[in-house]
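Chemist: Here is my input, please return the structure:
(chains A and B)
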Amino acid sequence: MKTLAILKYEWIHFIRSPFKIVALVLFILASVYGLHNGSDLFKTRTLEIDRIQTQAQASQADIIAYYDKNLKGPSDRPWVDVSTPFWALSYSYVYEFKSPSPLMVYGVGQAEKYGYYKRITNRSSPYDTDMAEEIANPERLQTGYLDFTFSIIYLLPLLLMIYLYTIKGTEVDTGILPLITVQATRTKLWLWTRISFYFILVLSILILLLFYGAILTDVFNNDFSGFLNYLVMMLLYLTLWTIIFGLIINYGSFSITNTLKMVGIWLLFAFIVPGSIHQVVSTKYPANLMIDFIDAQRDEKDKLYSLPDSIFQQKLNEKFPQILNSIVMKDSLKRNRAMNESAASLTNDLTKKSLKTIESSYTEKNKLIKSTYWFNPITFFQNRFNSITQTHFDDYQNYRDQIQSLVDKQIEILVLDIWGDVQVDKERYLDYINILSN
Amino acid sequence: MRQIIKNEWRLLLRHKILLRFCFCFLLILILALFLSNQQHRAQLSTYKIAKDELREQWESIDSMNPHSAAHYGTYVFKPSNILTNLDEGVNGVTGNVLRVEGHVQNEMVYSEASQMMSVSKFGKLKASLILQYIVPLLLMFLAFSTVNSERQQGRLKTLLLQSTSLFRLMISKAIAIWLFGLSLLGFSVFIYTILNFNNLNAELFLRLILFLISYGLYYFIVVGLTIFLTIYFKRPLIALTTMIGIWILWTVFIPNIVMSSVEKWHLLPNRNEFKSAMKEDRSKGIDGHNPSDERGKALEEKVLAEYKVDSLSQLPINFDGIRMQADEEYGNIVWDKHFGNLSNVLIEQKQKVQLFGILSPMLALKNSSMGYAGSDNIHHQAFLRQVEDYRRIFIKQLNDEHAYGGSKTGNWGWKAQNDFFKSVKDFNYKSTELKSVWTYYLTDNIILLIWSIVTILMIFLGTKRMQII
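Modeler: So this is what the prediction gives:
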């Protein structure tokens, strides 16, 4: 039997199998639903970021108006003086955003577990309580989001299973396999050609779905390489399951035993292996209660504040040697205030030190998870997909790092301007915004 | 009937592949329970260390202004419930740490899920993962195989000649397989009980029984439906694949679609909107830190009139503390309003999800499993409520000390002493009792019960139309 003839008969068999058509329709519906979920989240977040940016710009305009009118600040807050670097920076309304990637249409990954906007002040940290994730139903978070990646990772193997379980098995069940052997030049070729038919069919559907998703968030214009990466990863995943199921059929016999083996492998890779690893990781590294961070935020900070002025000043000088010959250093009246207003630079160091330990524990956890990839393909692919859609843990770690570097930058400007006795005017205020927004 | 059940069991025990499979299953189950227990202990120890450390820090405050202490605040950690060894529910995705301080009601942060990369979409290897996903599949195959083998080997006719009805025969088979499922369930609970023997109490025992009943009903539905499909379809493969298809719909498809959809039907506010609305409402109250605030002035006049004096300096107490407490009380009303609305939406979402149990009894099982394990959102919300109640008492104590502890208005340098800080009680979580939340799970249990009855009816109708050749 020629390859083309095998493919033709498989097509006829496929279109005459309502069960297989229904499975495909359900898969497409779930995938389209997932794509819209991803697209909705992308759009919601983009809109929210735009809204916050507009609010921030309005607030900045209010401050600019104080400079124009020669006012020190809001009338109900007489202690505020925006002509000082401390208050000008406090009212700079600078935000750091984790802008969603248009590829989020394919997968929301871990996006829902983290906050995605953060107002930066000199006392901010990437683990502040305002970094809580978006309000969501915890039971929904626990079940997970039905996104396109979910369809690929969990539903795709099931769809393949539905397509492949009868191959060879039906012939064995009904005793007509010897007839096939007589007709086909090579049984294996017959078998793998039939399997390839479904591989091509499913791949075509997936590519169409990918294109549909790309239209929803304009992926081609925004991140074409990301699209290609996703496509390649999807192809690899499909190939993996096709080979696994193909081998089961190749070495198996009856349909029922083949089905049981396929379901068993799917259960093993989708539930048991990832679940066991998750359990082991949580046992070895229980949820971090952030005690080091809390200590740095409260007790360590209090200890720092209770240091004698001379030691406090010495610490500041060590951190910013530039201030040693500054104007304020020579003015004893201004020095105390400058020291108080510069305290954030030292408390920031305490916070960063505490976060090092915490983040290294995260790294250890992740290392352990990565070391299981060779027998845990679903977790591997899930994380690869998350990386491509920029919703991976590492993407949010980078976001936290960016927050930290922006805080550092703001503190540096604050200290140098305070000790340089800079009078903030409209121009300098706009400079602050520009420097911190870039 | 008893004879048929006995006979089924005898056949099951003779099945070598099945015995091997059961052995593997039991090993995985023991491993799951053991690891869960270890994890619980590790988490409990981390929790205890953190709690003790924070309390020690609080008690070692030598002297501090009470309002500064309100800003210094404290932290509450979410304790790990012993039943989460069976079903972790939402605990992995909700935060673990909540900062308790003056002026603000913070949210729980630092969830376990945010501290690592993605591992398992269906959660950790807890007993619930095996009991919800794996055992039903095993029961499905057993139920299919028991009816199918009778059919294939032509024994049905012989059995019917031995003066039993087809319905009795099928229902007995269903009961036999169901009892097998129950024995696996019983084994899990037995191992769990041994591992946690010291912590058993009446409440826990009741929850375990209800947990068992929910799973028991679900297993009966799965077994009964498989038997119905096997007798309904002439081709065994169609019966088996239809049942696997139903299982996929029930466990993977419907729960995800329903959970994603209810959030669209009953919208939750986004964080920014929510915070802005709360800020807006709060700005209508007293600003504790702003003496020139108009509402603050009105309160001032009221207090001056109460004490029959003309100025704050003549007051024998510290008005700043009273203003702070008035600010807090207004903030509490605002919190109750906004979080009350949020909580209502979450309850509406839950009720809608529960109704979809009519389509997928797995949803009903998941809800009741988490509920009886004390790890669903209802229990989480109850925990948050307790923390907020504690926060109110905690801050009031500090504000009262500020107002009536001996200082005068404007004396921000005044400090309360260590004895006072030691007298402020620590947060002690009281587990939510089942009697206060059981009504939430009534719908799930009724749905499981209805499904069980419908399954019996389906077997009955299926046997009526079945042709014995």
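
Chemist: Run the chain-centre distance for the helix ranked longest in chain A.
Modeler: The longest helix of chain A (DSSP state H) is helix A:18-68. On the basis of C-alpha atoms, centre = their mean, to the nearest Å, helix A:18-68 sits 15 Å off its chain's mean C-alpha point.

Chemist: Quick check: what element follows it along the chain?
Modeler: Going down the chain from helix A:18-68, the next helix or strand is helix A:85-90, by DSSP states H and E.

Chemist: which helices and strands sit right next to that next one?
Modeler: Counting contacts by 3 or more C-beta pairs under 8 Å, 6 or more residues apart in numbering or on different chains; DSSP states H and E, helix A:85-90 packs against helix A:393-419, helix A:426-437. Just so you know, the C-beta spots here come from the backbone N, C-alpha and C atoms, and that holds for glycine as well.

Chemist: Which other helices and strands does the last one contact?
Modeler: Based on contacts counted as 3+ C-beta pairs under 8 Å, 6+ apart, the elements that helix A:426-437 packs against are helix A:18-68, helix A:85-90, strand A:94-97, helix A:393-419.

Chemist: Does stretch A:390-405 reach chain B?
Modeler: Yes: against chain B, stretch A:390-405 shows contacts by C-beta under 8 Å from any C-beta of the partner chain at A:392-394, A:396.

Chemist: now those as JSON lines including pLDDT and neighbour count?
Modeler: Converted to JSON lines, these look like this (pLDDT from 0 to 100; neighbours: other C-beta atoms under 10 Å in any protein chain shown):
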{"residue": "A:392", "pLDDT": "96", "neighbour count": "22"}
{"residue": "A:393", "pLDDT": "96", "neighbour count": "24"}
{"residue": "A:394", "pLDDT": "96", "neighbour count": "14"}
{"residue": "A:396", "pLDDT": "95", "neighbour count": "23"}
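
Chemist: Out of these, flag the one nearest to chain B.
Modeler: When the residues of stretch A:390-405 next to chain B are ranked by distance to chain B (C-beta to the nearest C-beta), residue A:393 comes first, at 4.0 Å.

Chemist: quick one: residue A:108 and chain B, what's the gap?
Modeler: Residue A:108 sits 10 Å away from chain B, taking C-beta to the nearest C-beta, to the nearest Å as the criterion.

Chemist: how about that residue, what does it touch?
Modeler: A:37-38, A:41, A:145, A:147, A:149, A:389, A:391 (C-beta atoms under 8 Å, 6 or more residues apart in numbering or on different chains).

Chemist: could those go into CSV alongside distance to residue A:219?
Modeler: Below are the contacts of residue A:108 laid out as CSV (distance: C-beta to C-beta, whole Å):
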residue, distance to residue A:219
A:37, 16
A:38, 11
A:41, 15
A:145, 19
A:147, 14
A:149, 14
A:389, 10
A:391, 14
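
Chemist: Report the contact partners of whatever residue of the stretch 351-469 of chain B ends up closest to chain A.
Modeler: Closest residue of the stretch 351-469 of chain B to chain A, C-beta to the nearest C-beta: residue B:377 (5.0 Å). Shown in contact with residue B:377 (C-beta under 8 Å, 6+ apart): A:137-139, B:90, B:346, B:350.
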